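Asker: this one's sequence-less:
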C-alpha cells in the first residue's frame, strides 16, 4: 500500500512536469515521505476530500493554500499562515486576516489596544482601549494618545495636589509619552520632572521648548498658581490660548512662539500684574490688540509677529513707558503709525514691518534716544523721512525699504549717524535724494540696491 500511495502522489505532483516548489497548494495529512515537498499543481483539484482518483488525492489529503497545516475547508484565514487559528472576537475571521482583532470598531493600525477587552463597548476617547474601571487597558480614558501617568498626586507633598494634577493634564493632552525628553515624569516627585522647577512648595517654572509637545494647552494651566515663567515655544501646540492664564498672578514670562495656536489674541494673557514678557509670535492668532495691554505696568518685551492680527496700532500707545522691545511684524495691521512711540524712552527695538500701514512716519520716533533697531519696511508708507531720525545716535539698523517714501534724505543721517549705522534699507521706494557725493557713496555702501529711485 505504501508503494501505491507513493506512486500516486508523485504522479500527481509531477504529471505535468511542473516544479513542485512552484505549485499553488499544499497537502495536509500526507507525510513528507509520501508527498515529497507536499506541493500539488495549481491546475489539479485536490480539495474535494474524495477518494483516490486520477490526480493522486485521497480522503485524508486536502488543499492547504497557506501551508499552515489547516485544510482550507477549516481554515479561518486562507492566505496567511495561522496554525493556532486565533480569532479574538470570534467573528470567524482569523486574527491574522482580521483588521480589527477585538471587534471594537477601531482598526488595528489605529488601535492602541488591538487585543482589547471583547464585549466592552465603552471607549470615551475612541482610542481602541476599552474603559474598564480599575483595569489596565485604558490608563487614560480621555486621551487618544494614552499619555497618562500612573502617578498619585495625593501621595506626594512637594507641591499642591491641584498643581500636580495640572502638570499631569498637560502631559496627557500634549502626548507626553512622545516628548523628546520626559525624564522622571511619573517616576519621581514633581520637582524632578524634566522642565519643572519647584520652589517653596510651588511650581515656579515650566520650561518645555522644542520638546515635541503635540496637542492643546489645557485650561488647567491656570491652576499653577505660583508659576513665574511658562516656556512652551517651538512645539506643535494648537487650539486657543487658554484664558485661565489670567489666574497666574505671579507670571512674568510667557513664551508660546513658533506653534500653531489659533483664535483671537486673548486679553486675559495681559492681565497678570507682574507680566514682563509676552512672546506669541509665529502662530495663527487673529483679532486686534486687546485694551488690557495698557494695564501692563511691567511690560518689557512684546512680540506678536507672524500672526494674522489686524486693526490699528493705536492700541500700543500708552503701554508701559519702560518697554524696550515691540515686534508686530508680518501681520495685517492697517492705518497710520500712531504718534506716541517717541514716549517710550527705553525702547531699543521697534519692528513694524510687513503690514499694511499707510501715511507718513511720525517725527516723534526721532525721540527714541536708545533705539538700536528700527524696521518699518514692507508697508505702504509715504512722505519724507523726518529729519529727527538723524538724532537717534544709538541707531545701528534702519530698515525703510519697500514703501512709497520720497523726498530729500535728512543730511544728519550721514553727519550724525555715519559712525553708528551699520545696516540701512532704502531701496524699493519713490525718489529719495541725497545731497553730496560722500552722502550718496555712504548710502550706497550700506544699501547697494539703493539708487535714489529717481527718473
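Answerer: Everything's here; your move. This structure is a prediction, so every number in the text was calculated from the model and none was measured.

Asker: In contact with residue 260, which residues?
Answerer: By C-beta atoms under 8 Å, 6 or more residues apart in numbering, the contact list for residue 260 reads 236, 237, 238, 283, 284. C-beta coordinates here come from the backbone N, C-alpha and C atoms, glycine included.

Asker: In contact with residue 426, which residues?
Answerer: Per C-beta under 8 Å, 6+ apart, neighbours of residue 426: 400, 401, 405, 409, 432, 443, 447, 450.

Asker: Next step: the contacts of residue 260 restricted to strands.
Answerer: 236, 237, 238, 284 (DSSP state E).

Asker: Would you reformat the contacts of residue 426 as JSON lines and include neighbour count and pLDDT?
Answerer: Converted to JSON lines, the contacts of residue 426 look like this (neighbours: other C-beta atoms under 10 Å; pLDDT from 0 to 100):
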{"residue": "400", "neighbour count": "25", "pLDDT": "97"}
{"residue": "401", "neighbour count": "20", "pLDDT": "96"}
{"residue": "405", "neighbour count": "24", "pLDDT": "96"}
{"residue": "409", "neighbour count": "23", "pLDDT": "94"}
{"residue": "432", "neighbour count": "21", "pLDDT": "92"}
{"residue": "443", "neighbour count": "20", "pLDDT": "92"}
{"residue": "447", "neighbour count": "17", "pLDDT": "92"}
{"residue": "450", "neighbour count": "21", "pLDDT": "84"}
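
Asker: and of those residues, the nearest to residue 91?
Answerer: residue 401 (68.5 Å; C-beta to C-beta).

Asker: quick one, what contacts the closest one?
Answerer: So residue 401 contacts 377, 378, 425, 426, 427, 428, 429, 447, 449 (C-beta under 8 Å, 6+ apart).

Asker: In those residues, which residue is surrounded by the most others?
Answerer: residue 426 (27 neighbours; other C-beta atoms under 10 Å).

Asker: hmm, back to that, tell me the most packed of the contacts of residue 260, by neighbour count.
Answerer: residue 283 (23 neighbours).

Asker: That residue reaches residue 263, doesn't it?
Answerer: No - taking contacts as C-beta atoms under 8 Å, residue 283 lies outside contact range of residue 263: 9.5 Å.

Asker: I figured residue 214 was touching residue 232, is that so?
Answerer: No - the criterion here is C-beta under 8 Å, and residue 214 misses it with residue 232 at 11.6 Å.

Asker: who has more neighbours, those two?
Answerer: The residue with more neighbours, out of residue 214 and residue 232, is residue 232; 25 against 17, by other C-beta under 10 Å.

Asker: ok, now which ones touch that one?
Answerer: 206, 208, 209, 213, 217, 255, 256, 259.

Asker: how about those residues, which pair is most distant?
Answerer: 206 and 259, at 14.8 Å, using C-beta to C-beta across these.

Asker: Ignoring the adjacent residues along the chain, who's closest to residue 169?
Answerer: Excluding the flanking residues, the one nearest residue 169 by C-beta to C-beta, 6 or more residues apart in numbering is residue 220, at 4.5 Å.

Asker: in terms of contact, does the one you found touch residue 170 like I think?
Answerer: Yes - using C-beta under 8 Å, residue 220 is in contact with residue 170, at 7.1 Å.

Asker: what about the two, which has more around it?
Answerer: More crowded of residue 220 and residue 170, by other C-beta under 10 Å: residue 170, with 23 against 19.

Asker: didn't that one look like it was pressed against residue 223?
Answerer: No - counting by C-beta under 8 Å, residue 170 does not reach residue 223; the two are 10.2 Å apart.

Asker: count of neighbours near the nearest residue to residue 181 once chain neighbours are set aside?
Answerer: Nearest in space to residue 181, with sequence neighbours left out and distances taken as C-beta to C-beta, 6+ apart, is residue 194 at 5.2 Å. Using other C-beta under 10 Å, the number of residues around residue 194 comes to 14.

Asker: Now for residue 194: which residues touch it?
Answerer: Taking C-beta under 8 Å, 6+ apart, one finds 181, 182, 183, 184, 185, 208 in contact with residue 194.

Asker: ok but the third one is inside a strand, no?
Answerer: No - following the definition DSSP: H, G, I helix; E, B strand; the rest coil, residue 183 is coil and is not counted among the residues of a strand.

Asker: Quick check: pLDDT value at it.
Answerer: On pLDDT, residue 183 comes in at 95.

Asker: Let's have the contacts of residue 401 in TSV, adding secondary structure and distance to residue 366.
Answerer: TSV is the format used below for these (DSSP: H, G, I helix; E, B strand; the rest coil; distance: C-beta to C-beta, whole Å):
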residue	secondary structure	distance to residue 366
377	coil	18
378	coil	21
425	strand	18
426	coil	17
427	coil	22
428	coil	22
429	coil	19
447	coil	20
449	coil	25
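
Asker: Please enumerate the helices of the stretch 301-450 of the chain.
Answerer: 412-417, 437-446 (DSSP state H, counting those that start in this stretch).

Asker: How many neighbouring residues does the residue nearest to residue 418 when sequence neighbours are not counted have?
Answerer: Using C-beta to C-beta, 6+ apart and skipping the chain neighbours, the partner closest in space to residue 418 is residue 442 (5.9 Å). Per other C-beta under 10 Å, the neighbour tally for residue 442 reads 17.

Asker: Correct me if wrong: residue 442 contacts residue 417.
Answerer: No - using C-beta under 8 Å, residue 442 makes no contact with residue 417, being 9.6 Å away.

Asker: Contact partners for the residue nearest the centre of the chain?
Answerer: By C-alpha atoms, centre = their mean, the mean C-alpha position of the chain lies nearest to residue 236, the distance being 1.5 Å. By C-beta under 8 Å, 6+ apart, the contact list for residue 236 reads 212, 213, 214, 215, 259, 260.
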